[in-house]
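> Provided below for reference: sequence and predicted model.
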Amino acid sequence: MSTYIPEEVDIKQNSNGTAVTETTLLQTAEALRWQIGRNFHDQLMEDIYTNAARIADRAITRAGEQPRFDLDSTIDRIVTSRRWGFPLMALLFAVVFWITIVGSNYPSQALAWLLVDTLHPLLRSGADLIGLPWWLSGLLVDGMYLATAWVVSVMLPPMAIFFPLFTLLEDFGYLPRVAFNLDNLFRKSGAHGKQALSMMMGFGCNAAGVVATRVIDSPRERLIAIVTNNFALCNGRWPTQILIATLFIGSLVPAYLAGLVSALAVVGVAMLGVLLSFVVSWGLSRTILKGEVSTFSLELPPYRPPRIWQTIYTSLIDRTLIVLWRAVTFALPAGAVIWLTANITLGDRSLAAHLINLLDPFAWLLGLNGVILLAYVVAIPANEIVIPTILMLTVLVTGATDVGSGAGVMFELEGAAVKDLFLAGGWTLLTAVNLMLFSLIHNPCSTTIYTIYKETGSKKWTLIAALLPVVMGFMVTFLVAQVWRLVSGNW
Amino acid sequence: MTQTDCTTCPAHHAGNLRRLGVDMSNFDYVVALAGNPNVGKSTIFNALTGLRQHTGNWPGKTVTRAEGAFAYGGKRYKLVDLPGTYSLLSTSRDEEVARDFILFGRPDVTIIVADATRLERNLNLALQVLEITDRAVLALNLLDEAARHGLQVNDRRLARDLGIPVVPMAARQGEGVDALLQAVHEVATGQVVCKPYRLKSGSTAVQRAVELLTRQIQALFPDLPNARWVALRLLDGDQRIAQAVRNGELRELAQNGRTAPTPSIPLEIMA
């Protein structure tokens, strides 16, 4: 670092002030850069570190000896250990879902009784009383109100339990340990270790997860993280998983095991999503997004005792209500659309029936049915309304007027009744399993797609991020359906 | 609000704070919150504005700017919560958001939130912020955790060395918020003038190069307050700053004091 700087050259420019222009300034900077050598950056970092170290050292006194037992590092040794890290992770999440499934069962039924069984007939007779025309009361009460009531009773209880539990884990400091555990796998997939963090955000909301990829410096790895974020099951899809697992998977085992087995099924789907993140990251980093894996340092923050009441309060008010509000704003117009398609007839059948018939052959190949596929088209703006849409449309197709109160109308949420309806709609265990799979592997919601476009600024990558999962979903459900039918011999 | 002696008296403290949420109209001063990831910036942001920006115990939680407002001592403040970063030198998107705001947004006061248990690493960022701006306050946070680890931090010594006010805090417990407000108010209104610590390089060749380039930058942009920092960035080959020299952004900054800040991502999609 002893390069001599020829001062006369530079002072000539400096002394007659006016001679300095933007261009000469940059030229001088460039010349000086060559003179001081290329390790200027390291020198600068070193200067910052030594200055900071000196100042910190003067200000800090360590009182006596460090305590011999360090709780934080003891916990860390266990939760990030090779042997216990992954089992503990699976166990923690299984417990969280088990509490969610068992805890939300009763409140869901109570809400459905209140909003659907009790309030809905009241509103209907109220509409009749003030003499609303049938189409208006149908659109408002049977379409918009019921779609909203359904969304609230399906979504509110699981979210009100799941979010506080998840936030407690987050507040405690567990999430960075999860990222630490997953780092090695992400690196092997050719992705950035911090993708674990954006994936965590994705478990809440994929749009937020896509924004969270900003912590990743390299554009290549950031794109991988954006494209694969959709494989993190978002809160619009948790209720679908929980309901279908409870109705179809939990019922395969004796009642006392049902809650646990349903929880494990949901954890299994979520884990499959994580696995798909790795597989797709691996595929992308070896084909269209080739490159080196960048290194980074991940800070494991100290464990902090969670502030329980504050966490429950803020996660209820901020997360639960905000997400619920979003669901409701999408459910209102969707309810209207569903009611209209079910009540506008073309020829001898309703518009919805035509669409379902059109989709049925393709859906059969996937082990699904036309109702489910149509519901996924209706639910592009928000995954939250998939189940309500499926139910409304199933009532229409089966013509099960005794179960609900007419075409395109939603009805009570009691588990058995819902399952009977699904069975009447021709559902099998295969339909349920493939619905859970397709709910995990399909296109992101429109909010997420828009966010991806804003973050990448690229139509091409937005298109890839939107289409890749849905094509994969078709492939996975197709394969499962064929193998299932081959093995069971049941075509 | 009518001003009585009581509401303007510094002794009135907490009663003096009015949380204004997202009402950012007619603010007198802009305050930025900078710091390493996971040191409590969002906790302090929420305590001052009354908003409930999501807080969580993991680094990298805030990647966009969140904005809110509060009133204190008869002045209205707009508060901007920046993404947590370890440095302002490299080029990731979150570091750029933080760096661009401190440079181009030119806040009246920058609160540097530091984790007392990891003081040395936190000062790395503090020193870089102090290269860009003179007007800063160090919020020495998480002192409760430092005490748990048997660490004592001499905040007066730190304030003398850094040349800016240092406020001891335990923000999660709400301790030190009043003192922080007071310090921000004093720096914003000019009652306290900072004399921030400037980096000293170990190499004389570097010192001379920096000095030379700084003089040229001062000749070109006489009103630019952070010529030395720009010199350091140019010598480090920072393309973003070179571009700001070339396209006149830096000239505008020197003349107008503030350039149009980059738009932030709306918060509603962060649910």
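Nice, thanks for sending it over.
> which regions of the stretch 351-491 of chain A lie under the pLDDT threshold?
For the stretch 351-491 of chain A, the stretches flagged by pLDDT under 70 are A:399-416, A:490-491.
> at 50 what do you get?
For the stretch 351-491 of chain A, residues meeting the criterion pLDDT under 50 lie at A:401-413.
> Tell me which residues touch the residue nearest the centre of chain B, please.
For chain B, the residue nearest the mean C-alpha position is residue B:110 (2.5 Å; CA atoms, centre = their mean). By CB atoms under 8 Å, 6 or more residues apart in numbering or on different chains, the contact set of residue B:110 is B:31, B:32, B:33, B:34, B:102, B:129, B:133, B:135, B:136, B:137. For the C-beta atoms, the positions are set from N, CA and C on the backbone; glycine is no exception.
> Let's see if you can find the most crowded of those residues.
residue B:34 (30 neighbours; other CB atoms under 10 Å in any protein chain shown).
> how about that residue, secondary structure?
Three-state call for residue B:34 (DSSP: H, G, I helix; E, B strand; the rest coil): strand.
> And the pLDDT at it?
Model confidence at residue B:34, given as pLDDT, is 93.
> Distance check, it against residue B:165.
Noted for residue B:34: a distance of 15 Å to residue B:165, by CB to CB, to the nearest Å.
> next one: residue A:21
To residue B:165, residue A:21 is 40 Å away according to CB to CB.
> Compare these two (neighbour count), which wins?
Legend: neighbour count by other CB under 10 Å for residue A:21 and residue B:165, higher for residue B:165 (21 against 11).
> Pick out whichever of the contacts of residue B:110 sits closest to chain A.
Within the contacts of residue B:110, proximity to chain A (CB to the nearest CB) peaks at residue B:129, which comes in at 11.3 Å.
> thought that closest one was touching residue B:138?
No: assessed by CB atoms under 8 Å, residue B:129 is found out of contact with residue B:138, at 9.4 Å.
> Quickly list what's touching both of these two.
Residues touching both residue B:129 and residue B:138 (CB under 8 Å, 6+ apart): residue B:112.
> Any regions of the chain where pLDDT drops low?
Unless you meant another one, I'm taking chain A. A:1-17, A:401-413.
> looking at chain B here, not the other one
Across chain B (using pLDDT under 50), the flagged ranges come out as B:1-2, B:14, B:259-271.
> all strands for it, in order.
According to DSSP state E, chain B carries its strands in the segments B:18-21, B:29-35, B:66-72, B:75-81, B:109-115, B:136-141, B:151-153, B:166-168.
> ok, what's across the strand from the residue nearest to the centre of chain B?
Per DSSP bridges, the residues bridged to residue B:110 are residue B:32, residue B:136.
> Distance of it relative to chain A?
Using CB to the nearest CB, to the nearest Å, residue B:110 is found at 17 Å from chain A.
> Can you give me the separation between that residue and residue B:179?
Note on residue B:110: its distance to residue B:179, by CB to CB, is 17 Å.
> So in chain A, which helix runs the longest?
helix A:255-286 (DSSP state H).
> Quick test: name the residue nearest the centre of chain A.
residue A:234 (2.1 Å).
> these two touch, right, that residue and residue A:383?
Yes: here residue A:234 reaches residue A:383: they are 6.7 Å apart, a contact under CB under 8 Å.
> joint contacts of those two?
With CB under 8 Å, 6+ apart, residue A:234 and residue A:383 have common neighbours residue A:445.
> after whichever strand or helix holds residue A:56, next one along is what?
Assigned by DSSP states H and E, residue A:56 falls within helix A:40-59. Of the helices and strands lying after helix A:40-59 in sequence (DSSP H and E), the nearest is strand A:60-62.
> next one: that following strand to chain centre, how far?
44 Å (CA atoms, centre = their mean, to the nearest Å).
> Now do the contacts for residue A:474.
Per CB under 8 Å, 6+ apart, neighbours of residue A:474: residue A:366.
> for the helix or strand in which it is found, which positions count as buried?
Assigned by DSSP H and E, residue A:474 belongs to helix A:459-488. Buried positions in helix A:459-488, judged by neighbour count with 16 or more other CB atoms under 10 Å in any protein chain shown: A:461-462, A:464-466, A:468-470, A:472-474, A:476-478, A:480-481, A:484.
> how far is that helix from where the chain is centred?
Worked out by CA atoms, centre = their mean, helix A:459-488 lies 18 Å from the chain centre.
> now it against helix A:255-286, angle please.
Counting by axes from the mean of the first three to the mean of the last three CA atoms, to 10 degrees, helix A:459-488 lies at 130 degrees to helix A:255-286.
> Neighbours of residue A:388, how many?
With other CB under 10 Å as criterion, residue A:388 counts 27.
> From chain B, how far off is it?
Taking CB to the nearest CB, one finds residue A:388 at 20 Å from chain B.
> quick one: stretch B:112-124 near chain A?
Yes: interface with chain A: stretch B:112-124 contributes B:117, B:119, B:120, B:121, B:123, B:124 (CB under 8 Å from any CB of the partner chain).
> ok, and the most crowded of the residues you listed?
residue B:123 leads the residues of stretch B:112-124 next to chain A on contacts (other CB under 10 Å) with 28 neighbours.
> If you drop the residues flanking it in sequence, what lies closest to that one?
In this structure, residue B:123 finds its nearest non-sequential neighbour in residue A:52, 3.8 Å apart by CB to CB, 6 or more residues apart in numbering or on different chains.
> quick one: contacts for the one you found?
Residue A:52 neighbours (CB under 8 Å, 6+ apart): B:120, B:121, B:123, B:124, B:126, B:127.
> next one: residue B:234
Applying CB under 8 Å, 6+ apart, we find residue B:234 in contact with A:25, A:26, A:29, A:33, B:213, B:241, B:242, B:245.
> Dump these to CSV, plus distance to residue A:208 and neighbour count.
Shown next, in CSV, are the contacts of residue B:234 (distance: CB to CB, whole Å; neighbours: other CB atoms under 10 Å in any protein chain shown):
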residue, distance to residue A:208, neighbour count
A:25, 42, 24
A:26, 40, 15
A:29, 40, 25
A:33, 40, 17
B:213, 42, 24
B:241, 31, 21
B:242, 34, 19
B:245, 36, 21
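> which one of the residues you listed is nearest residue A:452?
The shortest approach to residue A:452 among the contacts of residue B:234 belongs to residue B:241, at 29.7 Å (CB to CB).
> Relative to residue A:423, how far out is the residue nearest to residue A:251 when sequence neighbours are not counted?
Nearest residue to residue A:251, sequence neighbours excluded (CB to CB, 6+ apart): residue A:258, at 6.7 Å. Relative to residue A:423, residue A:258 is positioned 18 Å away (CB to CB).
> ditto for residue A:431
10 Å.
> Comparing those two, which shows the higher neighbour count?
Neighbours per residue (other CB under 10 Å) separate residue A:431 from residue A:423, with residue A:431 holding more: 23 against 14.
> Return the residues in contact with residue B:201.
A:43, A:44, A:47, B:207, B:210.
> do residue A:92 as well
Counting by CB under 8 Å, 6+ apart, residue A:92 has contacts A:169, A:174.
> Could you look up the SS state of it?
Following three-state DSSP, residue A:92 is assigned to helix.
> Look up how far chain B lies from it.
Relative to chain B, residue A:92 is positioned 15 Å away (CB to the nearest CB).
> In terms of helices and strands, where is the residue in the stretch 251-400 of chain A positioned nearest to chain B?
The nearest approach of the stretch 251-400 of chain A to chain B comes at residue A:322, 4.1 Å away (CB to the nearest CB). Residue A:322 belongs to helix A:321-343 when assigned by DSSP H and E.
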